[in-house]
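Undergrad: next one to model:
(2 chains)
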Amino acid sequence: MKKFVFLEHTADIKFRAFGKNLNEVFENSALAFTSVLHDGKIKKDVNKKFLIKGNDLEALMFRFLEEILFLFETEGFLISNIKVKLSDDKKNLKVEAFGEEKLAGRARHYIKAVTYNDMFIKKSAGRWTAQVVIDV
Amino acid sequence: MFKMGIKEKLVKIDENIYEIPKDGKMLIPARIFISPKMLESLEDNAIQQVVNVAMLPGLEKHSIGMPDIHSGYGFSIGGVAASDGKKGIISPGGIGFDINCGVRLLRTNLKKEDILKRQKEVVEALYRKIPSGVGRGSKFNMSKDELKKIMGGGAKHLVEKGYGKKEDYLHTEEEGCLEGADPSMVSDRALKRGIGQLGTLGAGNHFVEVQFVDEIFDNEIAKAFGLKKGQVVIMIHCGSRGLGHQVASDYIKEMEDEYGIQDLPDRELINAPIKSKLGQNYLKAMAAAANFAFANRQLITHWVREEMRYLFPKSEVDVVYDVCHNIAKFEKYNVNGKEKEFLVMRKGATRSLGKGRKEIPASYRKIGQPILIPGSMGTSSYVLVGMKKAEDLTFGSTAHGAGRLMSRHAAIKTKTGEQVKIDLAKKGIEVKSGSLKGLAEEMPEAYKDVDEVVRVSHELGIGNLVAKTRPLVVVKG
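TA: Sure, this is the predicted structure:
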């Protein structure tokens, strides 16, 4: 199974990430997002833990990717590998990310913000798909 | 059942004016000011977005689309909505992520020929001086305390510190400092993103261009703006960088936690009553981010001036004007014979005020507000003048630029960045960008026709043609 694909979008960048469960779809969304910022190799020498809260899956996705953008813009941190654990009530996301810092100068795209535009997270034919548009 | 396409619901009101009458959940009609030709290629989604905005409470008259409208998030880009100044709402989506993204135009005493002789030198010098692209941080170091002062005082604060002259901010919307800013309403996360970014362009469609005045449409007004044929002018297009983006994200989150999203046609139309605590806090934070953007364009102006002085020791660089095209402002308009204060949200739209309004700098008040409309890379940009008629039709607003036509991905497939550079060189334009791919993405063919956009504005009388400029040197993110 492919982890993610990019789709056509007039002004911005749109991706779909896949997973056999919700945790995996969040993890693969993080990797898709990271690939927009950077397409080179990323080492695994730093790890970061953070907690995301939101009232629904879309809010969690928006805030989760926004945190990744924040870490990149302030510390140049990029993810090489990530573990996500969604709480049973689906309102919390526990994240542990492994990656490399100080990569800000080597970015591919400047991302302004994550958006809710055309966003969905749904299950069909046994797999989860998340769609996200990012403002670049 | 046969479902009517949204375009078929548009009723022609007048030349270049189309309306979707109030229907279903709409509280007011939706109006799009566009040429028939551009309407043909307009995405349904952009029209739907103007209709969605018409469903928000507290808005008056029309939800509006500008001549350069295209699909955005929540609001369309080229979207205008006016809320009752007291009882209305404020939506971060009506301003956009890049708060106070805008355009500043500088005039010089140089002639086209002066630049032509030294084009390469000029492009290299400006590219070195003004950080652009991803991850190129600012050379302007500041403390958190100083950052807060900048958010409080905008361009004016920087000028007082020696980065420019008084006329710079006097010739800026709101005199370079939007009232009501409260930096304590800006999160620590936003400060962290902004602190290293003052005086940087960012990427995407932001730029510094050295242009020349190619054509004058109105001699008298051009003269009043200090513009004449063959003269070199410099255009700066950028905004509030990560700081503004973070303010937008932060308040979208806070508003959805406070109000929920169940009643919204689109969750990016999340909003708060103006008089609510959260509405007030967002307005204070938005003004702080707007001031950061004014200061950003001021610092870039200062650096451009220094660099031009170095290259051309006798050069004089003055600000013609500086417009915001992603902003909300309290302004008075006459609706149904009564004057009232509105909060006008402009997302990808430029203010257009006719002569006499007190918001216009004293030196232009008898003429009208200058409007700056950048074209896509390598094409013409325009200077227009604000018109009274815009106050009646569009809450004092007109277009803001060309608007994308082709996806970035499709653009890259059409041409390489190297080819774009060669094509521009053939047209006599020197371009320098941190990213060749970025150049391909921003190729002129990927954008709508700015000539058509300004023609419609002029025909409607919501912003009239004054001058056309063409680029000689382009610095891109």
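Undergrad: surely B:Ile34 meets B:Tyr18?
TA: Yes - applying C-beta atoms under 8 Å, one finds B:Ile34 in contact with B:Tyr18, separated by 6.7 Å. Glycine gets a C-beta too; all of them are placed from N, C-alpha and C.
Undergrad: of these two, who's got more company?
TA: B:Ile34 (27 against 21; other C-beta atoms under 10 Å in any protein chain shown).
Undergrad: now the closest residue to the more buried one other than its chain neighbours: how far from B:Thr350?
TA: Excluding the flanking residues, the one nearest B:Ile34 by C-beta to C-beta, 6 or more residues apart in numbering or on different chains is B:Pro67, at 5.3 Å. From B:Pro67 across to B:Thr350, the span is 11 Å (C-beta to C-beta, to the nearest Å).
Undergrad: same check on B:Phe330?
TA: 17 Å.
Undergrad: can you check B:Arg267 too?
TA: From B:Arg267 to B:Thr350 the distance is 27 Å (C-beta to C-beta).
Undergrad: more neighbours, the two?
TA: Using other C-beta under 10 Å as the criterion, B:Arg267 and B:Thr350 rank with B:Thr350 on top: 31 against 21.
Undergrad: you'd agree that one is up against B:Asn326?
TA: No - B:Thr350 is beyond contact range of B:Asn326, at 10.1 Å (criterion: C-beta under 8 Å).
Undergrad: excluding its backbone neighbours, what's nearest residue 64?
TA: Answering for chain A, as no chain was given. Spatial nearest neighbour of A:Phe64, chain neighbours left out: A:Ile52 (4.9 Å); criterion: C-beta to C-beta, 6+ apart.
Undergrad: right idea, wrong chain: chain B
TA: B:Val80 (4.1 Å).
Undergrad: low-confidence regions, chain A specifically.
TA: Within chain A, the ranges that satisfy pLDDT under 70 run A:105-106.
Undergrad: nearest spatial neighbour of the spatially most central residue of chain A, skipping sequence neighbours?
TA: Among the residues of chain A, A:Ala30 comes closest to the average C-alpha position under C-alpha atoms, centre = their mean, at 2.3 Å. Closest residue to A:Ala30 apart from its sequence neighbours, by C-beta to C-beta, 6+ apart: A:Ile82 at 4.9 Å.
Undergrad: pretty sure that neighbour is touching A:Leu31, no?
TA: Yes - applying C-beta under 8 Å, one finds A:Ile82 in contact with A:Leu31, separated by 7.1 Å.
Undergrad: what about the two, which has more around it?
TA: Per other C-beta under 10 Å, whichever of A:Ile82 and A:Leu31 has more neighbours is A:Ile82, with 22 against 16.
Undergrad: show me what the lengthiest strand in chain B is packed up against.
TA: Criterion DSSP state E: the longest strand present in chain B is strand B:464-476. Applying 3 or more C-beta pairs under 8 Å, 6 or more residues apart in numbering or on different chains; DSSP states H and E, we find strand B:464-476 packed against helix B:112-116, helix B:119-129, strand B:207-216, helix B:219-224, strand B:231-238, strand B:381-385, strand B:430-433, helix B:450-460.
Undergrad: repeat that for 6 Å
TA: With contacts taken as 3 or more C-beta pairs under 6 Å, 6 or more residues apart in numbering or on different chains; DSSP states H and E, strand B:464-476 sits against helix B:119-129, strand B:207-216, helix B:219-224, strand B:381-385, strand B:430-433.
Undergrad: deepest in the core, which of those is it.
TA: Of all the helices and strands packed on strand B:464-476, strand B:381-385 has the most neighbours on average by mean count of other C-beta atoms under 10 Å in any protein chain shown, namely a mean of 26.
Undergrad: so what are the sheet partners of that strand and their directions?
TA: The pairing partners recorded for strand B:381-385 under DSSP bridges are strand B:370-373 (antiparallel), strand B:464-476 (antiparallel).
Undergrad: deepest of those strands, which one?
TA: It is strand B:370-373: most buried of the strands paired with strand B:381-385 by mean count of other C-beta under 10 Å, with a mean of 28.
Undergrad: what mean pLDDT does that one get?
TA: Across strand B:370-373, pLDDT averages out at 98.
Undergrad: please save the CA atoms from that strand in PDB.
TA: Provided in PDB are the C-alpha atoms of strand B:370-373 (Å, rounded to 0.1, in the frame of the first residue of the first chain):
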ATOM      1  CA  PRO B 370      -3.900  54.800  -4.900                       C
ATOM      2  CA  ILE B 371      -4.600  51.100  -5.600                       C
ATOM      3  CA  LEU B 372      -1.700  48.700  -6.400                       C
ATOM      4  CA  ILE B 373      -2.400  45.600  -8.400                       C
END
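Undergrad: all strands for chain A, in order.
TA: Using DSSP E, strands in chain A cover A:4-7, A:13-19, A:46-53, A:78-86, A:92-100, A:113-114, A:120-124, A:127-135.
Undergrad: identify the residues contacting the longest strand of chain B?
TA: Residues outside strand B:464-476 that contact it (C-beta atoms under 6 Å, 6 or more residues apart in numbering or on different chains): B:115, B:119, B:122-123, B:126-127, B:207-211, B:213-218, B:221-222, B:227, B:233, B:377, B:380-385, B:387, B:429-433, B:458.
Undergrad: pLDDT score assigned to the residue nearest to B:Ile34?
TA: Reading off the model, B:Pro67 has pLDDT 96.
Undergrad: list phi and psi for it.
TA: Main-chain torsions, B:Pro67, degrees, to the nearest 10: phi -60, psi -20.
Undergrad: where does pLDDT dip in chain B?
TA: B:1-3, B:133-136.
Undergrad: quick check: residues of it near chain A?
TA: Residues of chain B lying close to chain A (C-beta under 6 Å from any C-beta of the partner chain) are B:73, B:97, B:134-135, B:189, B:192-193, B:202-204, B:242, B:245, B:249, B:267-268, B:404, B:407, B:409.
Undergrad: returning to that earlier point: wait, doesn't the residue nearest to A:Phe64 sit right on A:Lys94?
TA: No - at 8.3 Å, A:Ile52 does not count as touching A:Lys94 under the criterion of C-beta atoms under 6 Å.
Undergrad: who's more crowded, the two?
TA: Comparing A:Ile52 with A:Lys94 by other C-beta under 10 Å, the one with more neighbours is A:Ile52, at 21 against 14.
Undergrad: what sits against the more buried one?
TA: A:60, A:63-64, A:93.
Undergrad: gap between the residue in chain A sticking out farthest from the centre and A:Lys20?
TA: Taking C-alpha atoms, centre = their mean, the residue of chain A most remote from its mean C-alpha position is A:Ala125, at 22.6 Å. As judged by C-beta to C-beta, A:Ala125 and A:Lys20 stand 11 Å apart.
Undergrad: and for B:Gly396?
TA: Taken as C-beta to C-beta, the span from B:Gly396 to A:Lys20 is 54 Å.
Undergrad: so for those two, which sits in the more crowded spot?
TA: B:Gly396 (32 against 12).
Undergrad: what's around residue 5, how many residues?
TA: Picking chain A for this. For A:Val5, the count of nearby residues is 12 (other C-beta under 10 Å).
Undergrad: nope, chain B please
TA: Other residues close to B:Gly5 by other C-beta under 10 Å number 10.
Undergrad: from chain A, how far off is the nearest residue to it once chain neighbours are set aside?
TA: Nearest residue to B:Gly5, sequence neighbours excluded (C-beta to C-beta, 6+ apart): B:Asp44, at 6.7 Å. The gap separating B:Asp44 from chain A is 13 Å, by C-beta to the nearest C-beta, to the nearest Å.
Undergrad: B:Asp44 reaches B:Ile6, doesn't it?
TA: Yes - using C-beta under 6 Å, B:Asp44 makes contact with B:Ile6 at a distance of 5.0 Å.
Undergrad: who's more crowded, these two?
TA: Counted by other C-beta under 10 Å, B:Asp44 and B:Ile6 do not tie: B:Ile6 has more neighbours, with 18 against 11.
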